[in-house]
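Engineer: what's the 3D shape of this:
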Amino acid sequence: MLNKYLSSCFLLICLVLFSCNSNQNLDIQKLNVTNNNPVNTESITLSESFKPITGQIIYIPIYSNIYHSNQQRSHNLGVTVTFHNIDLDNSIIIKSVKYYDSQGNLIDDYLTSSVILKPLASTNFYIEDNDIRGGIGGNFLIEWVADKKVAKPIAESVMVSTASTQGISFTSQGRIVKEF
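Structural biologist: So this is what the prediction gives:
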């Protein structure tokens, strides 16, 4: 009877241990988008004669990890940066989307060419929770332009983690650092 009990306990422990999914061995991956464009966009080539009427560079703070327990431990976060064209009638052109770490070093340049974002469309950029290259003070810079007056777009980041039995999420708003 004791042997049967020990065997059952051993089997239960093995099931619990081997059925858990660990993120520690996952490779860092970026969201693969068809033809290298962010979702809901199309590549365009701006002519040398293109003269924007309006535009901005927007700074969006992101946190790929945050400290807790007196900075003794950190908690990794998945990050989604979303860029919304809120104009009802006009498209805007996204010229660049760059990701920087806490020291201001460029980590990634998400665009190989300018893209157009149609009226009321949104696009996003994702960083896996196991990609902590940005650190606690990472950020994105998004540069956009338009050939006519448009409603100013909205740029936001959402950080999420559902590790263990706890969940954490919060947002950051983009700030205009330069206007054209």
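Engineer: show me the contacts for Asp101.
Structural biologist: Contacts were defined as CB atoms under 8 Å, 6 or more residues apart in numbering; by that measure Asp101 touches 107, 133-135, 137-138. Every C-beta, even on glycine, is put in place using the N, C-alpha and C of the backbone.
Engineer: Restricted to buried residues, select the residues you listed in ChimeraX.
Structural biologist: Those of those that count as buried under 16 or more other CB atoms under 10 Å are selected in ChimeraX with:
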select :107,133,134,135,138
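Engineer: wait, Arg58 sits on Arg175?
Structural biologist: Actually, residue 58 is Ile. It isn't Arg. Yes - contact criterion CB atoms under 8 Å: Ile58 and Arg175 qualify, at 6.8 Å.
Engineer: Who has more neighbours out of these two?
Structural biologist: Here Ile58 and Arg175 are compared on neighbour count by other CB atoms under 10 Å; more neighbours surround Ile58, at 22 against 12.
Engineer: who does the strand or helix carrying that one touch, helix- and strand-wise?
Structural biologist: Ile58 is part of strand 54-61 when elements are defined by DSSP states H and E. In this structure, strand 54-61 makes packing contacts with strand 139-146, strand 154-161, strand 168-173, strand 175-179, judged by 3 or more CB pairs under 8 Å, 6 or more residues apart in numbering; DSSP states H and E.
Engineer: Which strands or helices does the third one pack on?
Structural biologist: The one in question is strand 168-173. In terms of contact count using 3+ CB pairs under 8 Å, 6+ apart, strand 168-173 is assigned the packing partners strand 54-61, strand 154-161.
Engineer: can you give me how far that strand is from the chain middle?
Structural biologist: Once both centres are worked out by CA atoms, centre = their mean, to the nearest Å, strand 168-173 turns out to sit 12 Å from its chain's centre.
Engineer: Quick one: work out the angle between that strand and strand 154-161.
Structural biologist: The directions of strand 168-173 and strand 154-161 differ by 160 degrees, with axes from the mean of the first three to the mean of the last three CA atoms, to 10 degrees as the criterion.
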